[in-house]
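Novice: Provided below are the primary sequence and the corresponding predicted coordinates.
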Amino acid sequence: MTFRQTAERAAIAGRAAFRVQAVAIATLAAFLSPALAAGERPTAVIPKQTIYPGTTLDAGMLEVVDVTNPDIAEGYVRSLDEVEGKVTKRTLLPGRVILPSALREQYAVERGAKALLVFNKGGLTITAAGSPLQDAAVGDLIRARNVDTGVIVSGTVMADGTIHVVAK
């Protein structure tokens, strides 16, 4: 008789502990995902038509929809702010979610175009005409050829399209 009472008490204690854990998990989920706690569905950005590589995205080409598939993998673009002004690296199909890896920033300098090379060290500033050897976005480290001397230098692309040469 004592054994049964102890087993029943253990079972009751186990169910109580399970309830406490379930409440703790639900509370934690509410703090981590306010959209789910409020009953809102997550959204995804999808193209309205086929978009080819090299196209600059704007809001007219895209649509924000509610995600109805609970098994969809994370990592897709959820808002228009994430894609506005970006350029596609591969073809985007209508009705499919957009992955951030399919997008890139716009190029600040393009291969073969003219760019200003700038070297700064202390009070010394040297500028020269240059030609980038590759396409690059702001902040990319690239190689460029000095048009006058033919010397190839490395530098960082700036927002104004200049290339700030790094010292060796």
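Specialist: On my side now, so go ahead. Residues are numbered from 1 along each chain as shown.

Novice: Domains in the protein, by residue range?
Specialist: Annotated domains of the chain cover 2-34, 41-104, 115-165 [automatic domain parsing].

Novice: What are the boundaries of the strands in the protein?
Specialist: 43-47, 62-66, 87-88, 103-104, 115-121, 124-132, 141-146, 152-157, 163-165 (DSSP state E).

Novice: can you put the domains of the chain in JSON lines and add mean pLDDT and mean neighbour count?
Specialist: (C-beta placed from N, C-alpha, C; glycine too.) JSON lines is the format used below for the domains of the chain (pLDDT from 0 to 100; neighbours: other Cβ atoms under 10 Å):
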{"stretch": "domain 2-34", "mean pLDDT": "55", "mean neighbour count": "10"}
{"stretch": "domain 41-104", "mean pLDDT": "91", "mean neighbour count": "14"}
{"stretch": "domain 115-165", "mean pLDDT": "95", "mean neighbour count": "15"}
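
Novice: State the distance from the spatially most central residue of the chain to Val166.
Specialist: With distances taken as Cα atoms, centre = their mean, the residue of the chain nearest its centroid is Pro100 (4.8 Å). Distance from Pro100 to Val166, counting by Cβ to Cβ, to the nearest Å: 29 Å.

Novice: just Leu133 next, same as before
Specialist: Applying Cβ to Cβ to Leu133 and Val166 gives a distance of 15 Å.

Novice: cool, Glu105 as well?
Specialist: Distance of Glu105 to Val166, computed by Cβ to Cβ: 21 Å.

Novice: Same check on Lys89?
Specialist: Shown here: Lys89 relative to Val166, a distance of 27 Å by Cβ to Cβ.

Novice: what does Gly95 give?
Specialist: 45 Å.

Novice: Likewise for Leu92?
Specialist: 36 Å.

Novice: what do you get for Pro132?
Specialist: Separation of Pro132 from Val166 (Cβ to Cβ): 15 Å.

Novice: What of Ser101?
Specialist: Distance, Ser101 to Val166, using Cβ to Cβ: 28 Å.
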